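1. kindly return the folded structure for what I paste below:
(one chain, ligands or ions: 1)
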Amino acid sequence: MSLLVKICGLSTRETLDTALEAGADMAGFVFFPPSPRHLSLETARELGRRAKGRAAKVALTVDADNATLENIAETLQPDLLQLHGKETIARVRDIKQRFGLPVMKVIAVETPADLVALPGYASVADRILFDARAPKGATRPGGLGAVFDWHVLEKLDLQLPFMVSGGLTADNVAEAIRVTRAGGVDVSSGVESSPGVKDPEMIRNFIRAARAADLTSPLSPDLRRQPLTPTLSPQGRGEGEETAPLNDMKN
Ligand SMILES: O=C(O)c1ccccc1NCC(=O)[C@H](O)[C@H](O)COP(=O)(O)O
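-> All right, here's what the predicted structure looks like:
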């Protein structure tokens, strides 16, 4: 399974097309009114149709209630729900069962202590996204371009696919992949000229840089130094990483 690249906070036809043409695996759409990337349901319907079959559509919500999730599920028809709030383990389980969609739970990271709740979430979620913990007083819990110490994840032994985000850019994504060995990377601010305004050239550069750093690529010097076993445990691409389901998402 090659590295997954997610471009988050897409809100226009033009930048969505850029991300799709540049080969993004996941297109993230933000449903959080205080965010500069918040989408109306009408726009979500249009962008969702555009992305269908070309990338997995990811709906990002923050402690959303069932009615909000129902509207999003109906209009965007997402392939994955990204839960970016303070959803409890029980709530993650409930959302997954209620909507019959795979769920990616976000874990906010600052120190190793932030990983204490990880096993519980890993038992109910389909995928984990490690993002930088937002500073106190922030108006949103993510999409701030804040970086966390990737070394916190260095010795992680997680039998679930995971992605890393938080302040990634074309310049630092290779190092983030090297340190964390994540199966995917996610970016928003790092491909914007100002909050909420995506820059096509930055999107292309980010995807190019992430692909060049992909540890699973046959061209990767790092991989050449490793035994090619089916399980690249402990990092990110757990046994049987779900190639098929992700391909399904794109259909
Ligand atoms: O993008 C937002 O405005 C946002 C609002 C509320 C919760 C999360 C939000 N964004 C998260 C993301 O876009 C990504 O999943 C990721 O955290 C990347 O963020 P960035 O540091 O901006 O690259």
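2. drop to CA atoms for contacts and neighbour counts, all remaining ones
-> Noted.
3. so what touches stretch 191-207?
-> For stretch 191-207, the surrounding residues in contact (CA atoms under 8 Å, 6 or more residues apart in numbering) are 5, 7, 9-10, 15, 18-19, 22-24, 36-37, 169-170, 173, 189-190.
4. stretch 51-63 now?
-> Residues contacting stretch 51-63 (CA under 8 Å, 6+ apart): 16, 20, 24-32, 48, 72, 76-87, 246, 249-251.
5. and the buried ones among these, selectable in PyMOL?
-> A single PyMOL command selects the buried members of those (16 or more other CA atoms under 10 Å):
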select buried, resi 16+20+24+25+26+27+28+29+30+31+32+48+72+76+77+78+79+80+81+82+83+84+85+87+246+249+250
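6. quick one: low-confidence ranges for the protein?
-> Residues of the chain meeting the criterion pLDDT under 70: 218-251.
7. centre-most residue in it?
-> For the chain, Asp186 is the residue whose C-alpha lies nearest the centre (CA atoms, centre = their mean; 4.5 Å).
8. and the helices in the chain, which stretches?
-> Remark: helices assigned in the chain by DSSP state H are 13-21, 41-51, 66-76, 89-99, 118-122, 173-180, 200-212, 221-224, 243-249.
9. does the longest one reach the ligand?
-> Read that as helix 200-212. No: using CA under 6 Å from any ligand atom, helix 200-212 stays clear of the ligand, with a minimum separation of 11.0 Å.
10. buried residues, that helix. List them.
-> For helix 200-212, burial by neighbour count (16+ other CA under 10 Å) applies to 200, 202-207, 209-211.
11. pull the CA atoms of it into CSV?
-> The C-alpha trace of helix 200-212 is given here as CSV (Å, rounded to 0.1, in the frame of the first residue of the first chain):
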residue,chain,number,x,y,z
PRO,A,200,-2.7,25.2,-6.7
GLU,A,201,1.1,25.3,-7.0
MET,A,202,1.5,24.6,-3.3
ILE,A,203,-0.9,21.6,-3.6
ARG,A,204,1.1,20.2,-6.5
ASN,A,205,4.4,20.7,-4.7
PHE,A,206,3.1,19.1,-1.5
ILE,A,207,1.9,16.0,-3.3
ARG,A,208,5.1,15.7,-5.3
ALA,A,209,7.2,16.0,-2.1
ALA,A,210,5.1,13.4,-0.2
ARG,A,211,5.3,11.0,-3.1
ALA,A,212,9.1,11.4,-3.3
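12. between it and helix 13-21, how many degrees?
-> Comparing the axes of helix 200-212 and helix 13-21 via axes from the mean of the first three to the mean of the last three CA atoms, to 10 degrees yields an angle of 20 degrees.
13. ok, Gly167 - contacts?
-> 132, 144-147, 187, 189-190.
14. kindly recompute the last result at 10 Å.
-> By CA atoms under 10 Å, 6 or more residues apart in numbering, the contact list for Gly167 reads 131-132, 142-148, 173, 186-191.
15. quick check: the closest residue to Leu47 other than its chain neighbours vs the ligand, distance?
-> Among residues not flanking Leu47 along the chain, Arg13 sits closest, at 6.6 Å (CA to CA, 6 or more residues apart in numbering). Distance, Arg13 to the ligand, by CA to the nearest ligand atom, to the nearest Å: 17 Å.
16. what is the neighbour count of Arg13?
-> By other CA atoms under 10 Å, 13 other residues sit near Arg13.
17. any idea how far it is from Ala59?
-> Counting by CA to CA, to the nearest Å, the separation of Arg13 from Ala59 is 16 Å.
18. same question for Val147.
-> Applying CA to CA, the value for Val147 to Ala59 is 22 Å.
19. also His151?
-> From His151 to Ala59 the distance is 28 Å (CA to CA).
20. more crowded one of these two?
-> Ranked by neighbour count (other CA under 10 Å), His151 and Ala59 place Ala59 first, with 27 against 13.
21. who's that one bridged to?
-> For Ala59, the beta-bridge partners are Phe29, Leu81 (DSSP bridges).
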